[in-house]
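J.: Pasting a predicted model and its sequence here:
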Amino acid sequence: MKVVSVNVGMPRETVWKDMVVRTGIFKEPVDGPVVINKPNLEGDGQADLTVHGGEEKAVYAYPHEHYNYWHQELPALSFSFGMFGENLTTEGLLENSLCIGDRLRAGSAVLMVTQPRMPCYKLALRFGQDDMIKRFLASGRSGFYLSVIEPGEVHAGSSIEVLSRDRHRVTIADISALFLNETHEPDLLERATNVSALPQNWKVQLRLRAKSDHGRLH
C-alpha cells in the first residue's frame, strides 16, 4: 500500500452556471514531501469550512484504482491525479475493506478513517458534468476522509500501513450503503452508530433514515 500522489491547492474563483464560485476542489500533484497537520496539508485549503475540511475531514484520499473506471466512463476527459479533489491518491485501500476508525500510517503521519465522501455541486463544476454527482454516488467509488492523529510528512511513493483496525468492522462502503438506502440491516446500523470515529452528524442522519424507512414499511 502506498501514496501514488500528494495533491494540494488553495481556493480559487471560477464561473459555474453564470455564477462566480469560490472552491478549493482544484488540486495539483506536488513534488517532494508535504507536511500533514491537524487542520489540513501544507499548501492546501478549503473555501467553505462549514461543509469542507475540519478535523474530521482534514485529509481526503481517493484510490488510484478508480481512475481506470472513470477513464472508461468519461473517455473525452483528460485526467490527472487530484481530479477528484483528493489530497492523497492511494494504492491498496478500497472502500469495501477499509473501515471507519482504522488507523493508518502514511509516510510519518498517523491518520484515522472517519467517513466516505458525499459530494456537493462542486464535483460537477470540476468535471463540467451536470450528472457527475449522480454518477459518482452510483459508482460506489466515494474515497474516504481521514483525521490527523499525529502530524507528519508524506510524499508520492510513501508507504501506507494499517496500524489498527476498528473492532466494529464497519466499512466505508457499509456507511455509504446505509446512507443511500441501499441496505437496511439493523445489525449494521447498530454497529455503525457505535463506531466512535464516525462523526455525530453521520450517526444522526443514519438513524433518521432508518426511522423514516421503518415508517414507510409499516
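T.: Arrived safely.

J.: Could you give the separation of the worst-scoring helix or strand of the chain on mean pLDDT from the chain centroid?
T.: The helix or strand of the chain with the poorest confidence is helix 200-217; it has a mean of 77 (mean pLDDT, DSSP states H and E). Helix 200-217 has its C-alpha centroid displaced from the chain centroid by 22 Å (Cα atoms, centre = their mean, to the nearest Å).

J.: Please point out which parts of that helix sit buried.
T.: Across helix 200-217, burial judged by 16 or more other Cβ atoms under 10 Å covers 202, 206, 209-210. Backbone N, C-alpha and C define where each C-beta goes, glycine included.

J.: packing partners for it?
T.: When contacts are defined as 3 or more Cβ pairs under 8 Å, 6 or more residues apart in numbering; DSSP states H and E, helix 200-217 sits against helix 172-179, helix 186-193.

J.: Just the strands from this structure, written as ranges.
T.: Under the criterion DSSP state E, the chain contains strands at 2-8, 12-16, 19-23, 28-29, 34-36, 59-63, 88-91, 103-106, 109-116, 144-150, 152-154, 160-164.

J.: Geometrically speaking, which residue is the centre of the protein?
T.: When Cα atoms, centre = their mean is applied to the chain, the residue found nearest the centroid is F144 (2.9 Å).

J.: Might you report the residue contacts of it?
T.: When contacts are counted by Cβ atoms under 8 Å, 6 or more residues apart in numbering, F144 is found next to 60-61, 93, 95, 98, 113-117, 172.

J.: how about L206, what does it touch?
T.: The neighbourhood of L206, defined by Cβ under 8 Å, 6+ apart, consists of 175, 178-179, 189, 192-193.

J.: how does it look with 10 Å?
T.: Residues counted as contacts of L206 (Cβ atoms under 10 Å, 6 or more residues apart in numbering) are 175, 178-179, 188-189, 192-193, 198.

J.: Quick check: F81 touching A156?
T.: Yes: the pair F81 / A156 is scored as a contact, 8.7 Å apart, by Cβ atoms under 10 Å.

J.: shared neighbours of those two, which are they?
T.: Common neighbours of F81 and A156 (Cβ under 10 Å, 6+ apart) are 4-7, 29, 88-89.

J.: Looking at these, which is nearest H66?
T.: Distance to H66, by Cβ to Cβ, is smallest for T89 among the shared contacts of F81 and A156, at 9.4 Å.

J.: Measure how buried the nearest residue to that closest one once chain neighbours are set aside is and give me the count.
T.: Once flanking residues are discounted, T89 sits nearest to S5: 4.1 Å by Cβ to Cβ, 6 or more residues apart in numbering. Counted with other Cβ atoms under 10 Å, residues neighbouring S5 total 22.

J.: So S5 sits against F79, correct?
T.: No: look at S5 against F79 with Cβ under 10 Å: they stay out of range, at 11.6 Å.

J.: Show me the shaky parts of the protein.
T.: Along the chain, segments meeting pLDDT under 70 span 47-53, 213-218.

J.: so L98 makes contact with T171?
T.: Yes: counting by Cβ under 10 Å, T171 is a contact partner of L98 at 6.4 Å.
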